[in-house]
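Undergrad: next one to model:
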Amino acid sequence: MGKKRRKFTDKFKAEVAIEAIRGVKTLAELASEYQIHPNQISDWKKQLLSNAPELFSSKKKARAKTEEELTAPLYEEIGRLKMDLKWLQKKL
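TA: Predicted coordinates for the structure are as follows:
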């Protein structure tokens with residue numbers, strides 16, 4: 001059997017990518033230190049650089065979405081209950 005696949009936490013990936021961005025050590029040095037392939041480190045570095053602007057803007061958008069997603073079903077329920085109430089009032 002081959003080696004089991006290693007799983008890395010997001011915190012670990014960010015730490016390695018930040019060290020790669022700093023440029024104090026080369027990719028080969030980081031790879032030997034953390035026992036990771038240099039291509040993996042460069043991929044994490046690219047991901048960090050490409051998603052950096054979204055880190056600061058996505059929180060506001062995510063909050064607004066969740067508020068809208070939470071209120072929409074409530075308003076639908078209110079509408080259904082009002083219709084039921086009107087229907088019952090007509091029947092009486």
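Undergrad: where does residue 5 fall, phi/psi-wise?
TA: Backbone torsions of residue 5, given as degrees, to the nearest 10, read phi -70, psi 130.
Undergrad: number of nearby residues for it?
TA: Number of residues near residue 5 (other Cβ atoms under 10 Å) recorded here: 5. To be clear about C-beta, it is placed using only N, CA and C from the backbone, and glycine gets the same treatment.
Undergrad: could you check the pLDDT of it?
TA: Here, the pLDDT recorded for residue 5 equals 88.
Undergrad: roughly how far apart are it and residue 21?
TA: In this structure, residue 5 and residue 21 are 26 Å apart, going by Cβ to Cβ, to the nearest Å.
Undergrad: where's residue 36, which helix or strand?
TA: Under the criterion DSSP states H and E, no helix or strand holds residue 36.
Undergrad: what's the neighbour count on the closest residue in space to it that isn't next to it in sequence?
TA: Using Cβ to Cβ, 6 or more residues apart in numbering and skipping residues adjacent in sequence, the residue nearest residue 36 is residue 16, 6.9 Å away. Residue 16 has 21 neighbouring residues, counting by other Cβ under 10 Å.
Undergrad: mind listing what's buried in the helix or strand that contains residue 16?
TA: In the assignment (DSSP H and E), residue 16 maps to helix 10-22. Judged by neighbour count using 16 or more other Cβ atoms under 10 Å, the buried positions of helix 10-22 are 13, 16, 17, 19, 20.
Undergrad: low-confidence ranges in the protein?
TA: 1, 58-65 (pLDDT under 70).
Undergrad: ok, longest helix in it?
TA: Ranked by residue count under DSSP state H, the longest helix found in the chain is helix 38-91.
Undergrad: tell me the angle of that helix relative to helix 10-22?
TA: Following axes from the mean of the first three to the mean of the last three Cα atoms, to 10 degrees, one obtains 130 degrees for the angle between helix 38-91 and helix 10-22.
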